[in-house]
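> A predicted structure for the sequence below; I have some questions about it.
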Amino acid sequence: MSTQDKVTINKLPTGVPGLDEIAGGGLPEFSFNIIAGAPGSGKTTLAHQFVFANASPERPALYFTVLGESAIKMLRYQQQYTFFDPAKLPDSVRFINLSQIVLEKDLGAVLTEIIKEVEKSNPAVVVVDSFRTMVRKSQNGPSEMDLQSFIQQLALFLASWQATTFLIGEYAEDELRDNPIFTVADGLFWLRQTAERNSIVRKLQIVKLRGQASVPGLHTFRITDAGLQAFSRTFGLSGHKRKQPGSKRLSIGIPELDKMMGGGIPEGDSVLVTGASGTGKSVLATQFIAEGIRQGEPGIVAVFEERPQAYTDRAGSFGLDLVTPQQDGKLLILYLRPLDLSVDETMNEILEAVKKIGAKRLVIDSLAGFEMALSPGFREDFRESLYRMIFALTGIGVTILSTVEVDESFTEFPFSTYSISFLTDDIIRLRYISVEGQLRKILVIIKMRGGSHSQDVREYEITSKGMVIAGERLKDYQRLITGIPERLNRSGEKEELPRKSRAKSKI
Amino acid sequence: MLSLATRDLARRLLADEAAASKSSLSAESAVLLVYEKLRRSLCALAGVAGFRSLASRALTLAKADAPSLSAMQVMADGALQVLVEPESQSNQYQPDEGGVILLAQLLGLLITFIGETLTLRLVQDTWSDAGLDDFNSGDGREA
């Protein structure tokens, strides 16, 4: 069958930011859907968002309430959300209570009442909340066949009357296999909330959605004053074509470091700057951002360990003006400190910022702070989430520089405590060395996926102008990366041993 | 505390009902008509049990201000019934102000629970000609 022969299934907006993308573009029109989940998981709010996004006086939404939350209280609470538009009541959104019929009569009477109201109103949207309580009540009376027949007739009738339907219910996941409602349903939205230590983690899954490809897996969502907001695992970039890497190199603003990297960081790379506390990771990151702005490339800095003002002030102390570009809309400093964040939420913030100013450079300072800002439950997935985030951002051409603190060791040379070096294209390692009675600093390029790079170990200083790489490579020492180097004499032999080192390298 | 504006709203509904009636309508009949329309509208929204709870509360509150309502009760289906006891003829239901207070208490409860905006939209759905756009309950609650 050719494309032009196929029926076009209209996609309706869900009214939930982020959910349309997860659903594959919206909710299929005339579909028969279930919203399942435990009490308090956001089922009713999700249904309300859909209702208010789609109801009109010509094609209203009928919201049938059954034995669950009282309609008065539901209105009391739901109107607190910003999506709730009282002007839509009662012409566009109509609430109808079926409790009495459910209590006093059978499923046939319930179906008759729903049919009567639907035929009277010609609704675009029908919600039954809670369908589960209705079915539970009925299970004391009619047989399973009656129930199946009721569901079948309801689905058939509502689809025939061109209504997009949501049945809301408190279902347990082990019911998925046997409950006939899940077989009949075109769409199944499962909302979960779990307590992770002191945090609540909310996730949604589209278990099935007939007629279109939804994004599989569990997606984080949050409930705020604006209702549900979903954060797709693909960060809303699933339909985007991945930008092909070009030959452009981005200057870091430290000329010698640019040279060591073959002219700078390849555009679209993910760079990891790793080192102990005080080695200058943030300074290097700030110079990278400031240089980008100087070259007309807007930037985002996501900070987790200090406030934007402190970050800006510290940059100023190195002669880097981050105030003006913020005023000019060329730089955004995002402070993403609140606990309980998910990577997906953080990503959403960053992506919105990237879109807003057309950012080309992103600094994440630091990954340790980022991890700490996450809910404990999300920390377990940190590496996987980070991989998705970096892949998504570099895919749209953003060059990312992340900092990560590692414990300074004089016996080891770890790149990062996170074992995330596989996520990065390039790694710059900063470290302290003990030389001639001084604690000095060296840097080395560990890897560059995009080509050759300097193998030199270079000494640098943090001056009033930021990071400055001074002099040639340190030819007169060996075992520099152990942190306790040994000086060589002119013939290249070891001159002195400060002390017997047991250091070992992981390079 | 019942606001004057909510009492005024009740009076407006009674007046609208009286004006709409082709024949002369007694005060008692007007109260019962308005109540019945509210009952139908709110039963559809909140269910019979939901409406009955609200109406019972409203009647209890109203009786404190209008002893003439003591002969009234809310039935299982939410309907209002006047119980006339022979020995208390002197304390019979006086529909005028007592009826206003009862309706105002019912509307006031709705305003408390779902806010002024939604309450007015529900009322206007039934009394579209009552001209309630200028209504402000004055109780300081946000709709």
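Right, received. Where do you want to start?

> buried residues in stretch A:265-283?
A:265-276, A:279-283 (16 or more other CB atoms under 10 Å in any protein chain shown). All C-beta spots, glycine's among them, are computed from the backbone N, C-alpha and C.

> Mind checking which of the residues you listed land in helices?
A:K281, A:S282, A:V283 (DSSP state H).

> Now for the last one: which residues touch it?
Spelled out, it's A:V283. By CB atoms under 8 Å, 6 or more residues apart in numbering or on different chains, the contact set of A:V283 is A:F318, A:I462, A:G466, A:M467.

> and it, how far is that from chain B?
50 Å (CB to the nearest CB, to the nearest Å).

> Kindly report the same for A:I168.
For A:I168, the distance to chain B - CB to the nearest CB - is 17 Å.

> Chain neighbours aside, what residue packs nearest to that residue?
Distances taken as CB to CB, 6 or more residues apart in numbering or on different chains put A:D129 closest to A:I168, at 4.3 Å, once the chain neighbours are dropped.

> quick one, what contacts that neighbour?
Contacts of A:D129 by CB under 8 Å, 6+ apart are A:K43, A:T44, A:A47, A:Y63, A:F64, A:T65, A:V66, A:G68, A:E69, A:F166, A:I168.

> Any idea what it is bridged to?
A:T65, A:I168 (DSSP bridges).

> those helices in the stretch 351-500 of chain A, which residues are they?
In the stretch 351-500 of chain A, the helices defined using DSSP state H, counting those that start in this stretch lie at A:367-373, A:376-379, A:382-395.

> next one: chain B
Using DSSP H, helices in chain B cover B:4-20, B:27-65, B:95-126.

> Among those helices, which comes closest to chain A?
Closest to chain A of the helices of chain B is helix B:27-65 (CB to the nearest CB; 3.6 Å).

> Packing partners of that closest one?
Counting contacts by 3 or more CB pairs under 8 Å, 6 or more residues apart in numbering or on different chains; DSSP states H and E, helix B:27-65 packs against helix A:71-78, strand A:93-97, helix A:99-104, helix B:4-20, strand B:72-74, strand B:80-82, helix B:95-126.

> hmm, try it at 7 Å
helix A:71-78, strand A:93-97, helix A:99-104, helix B:4-20, strand B:72-74, helix B:95-126 (3 or more CB pairs under 7 Å, 6 or more residues apart in numbering or on different chains; DSSP states H and E).

> For the fourth one, name the packing helices and strands.
In this structure, helix B:4-20 makes packing contacts with helix B:27-65, helix B:95-126, judged by 3+ CB pairs under 7 Å, 6+ apart.

> A:D85 contacts A:A55, doesn't it?
No: the criterion here is CB atoms under 7 Å, and A:D85 misses it with A:A55 at 9.2 Å.

> and the two? which has more neighbours close in?
A:A55 (23 against 14; other CB atoms under 10 Å in any protein chain shown).

> Distance of the more buried one relative to A:K120?
15 Å (CB to CB, to the nearest Å).

> same thing with A:L176?
35 Å.

> okay, those two: which has more neighbours?
Shown here are A:L176 and A:K120; by other CB under 10 Å, A:L176 has more neighbours (15 against 10).

> so which strand or helix has the nearest residue to that one once chain neighbours are set aside?
Closest residue to A:L176 apart from its sequence neighbours, by CB to CB, 6+ apart: A:F182 at 5.7 Å. Assessed by DSSP states H and E, A:F182 sits inside helix A:180-184.

> how far is the following helix or strand past that helix from where the chain is centred?
Toward the C-terminus, helix A:180-184 is succeeded by strand A:187-196 as the next helix or strand (DSSP H and E). Centroid separation for strand A:187-196 versus its chain: 17 Å, with CA atoms, centre = their mean, to the nearest Å.

> quick one: buried residues of strand A:187-196?
Buried, per 16+ other CB under 10 Å, within strand A:187-196: A:G187, A:L188, A:F189, A:W190, A:L191, A:R192, A:Q193.

> so what's the second one up against?
In this case it means A:L188. A:I34, A:A36, A:F182, A:V207, A:K208 (CB atoms under 7 Å, 6 or more residues apart in numbering or on different chains).

> Run through who's touching the lowest-mean-pLDDT helix or strand in chain B.
One helix or strand of chain B scores below all others by mean pLDDT, DSSP states H and E: strand B:80-82, with a mean of 88. Contacts with strand B:80-82, where a contact means CB under 7 Å, 6+ apart, come from B:L32, B:Y35, B:A71, B:M72, B:Q73, B:V74, B:M75, B:Y93.

> and it, how far out from the chain's middle?
With CA atoms, centre = their mean, you get 13 Å for strand B:80-82.

> OK, contacts around the residue nearest in space to the middle of chain A?
In chain A, the centroid-proximal residue (CA atoms, centre = their mean) is A:D344; its distance is 1.2 Å. By CB under 7 Å, 6+ apart, A:D344 lies in contact with A:T220, A:F231, A:R233, A:F235.

> Near chain B, which residues of chain A? Just list them.
The interface of chain A toward chain B, taken as CB under 7 Å from any CB of the partner chain, is made up of A:70-72, A:75-76, A:79, A:86, A:89-90, A:95-97, A:99-100.

> and those residues, which two are the farthest apart?
Largest separation among the residues of chain A next to chain B by CB to CB: A:P86 and A:Q100, giving 25.9 Å.

> picking that back up, what's the closest of the contacts of strand B:80-82 to chain A?
Distance to chain A across the contacts of strand B:80-82 (CB to the nearest CB) is lowest for B:M75, with 13.9 Å.

> tally of neighbours for that closest one?
B:M75, neighbours per other CB under 10 Å, totals 10.

> if we can go back for a sec, make TSV out of the helices and strands packed on helix B:27-65 and add distance to B:R57 and mean pLDDT.
Shown next, in TSV, are the helices and strands packed on helix B:27-65 (distance: least, CB to CB, whole Å; pLDDT from 0 to 100):
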stretch	distance to B:R57	mean pLDDT
helix A:71-78	12	91
strand A:93-97	18	94
helix A:99-104	18	85
helix B:4-20	15	90
strand B:72-74	9	93
helix B:95-126	6	90
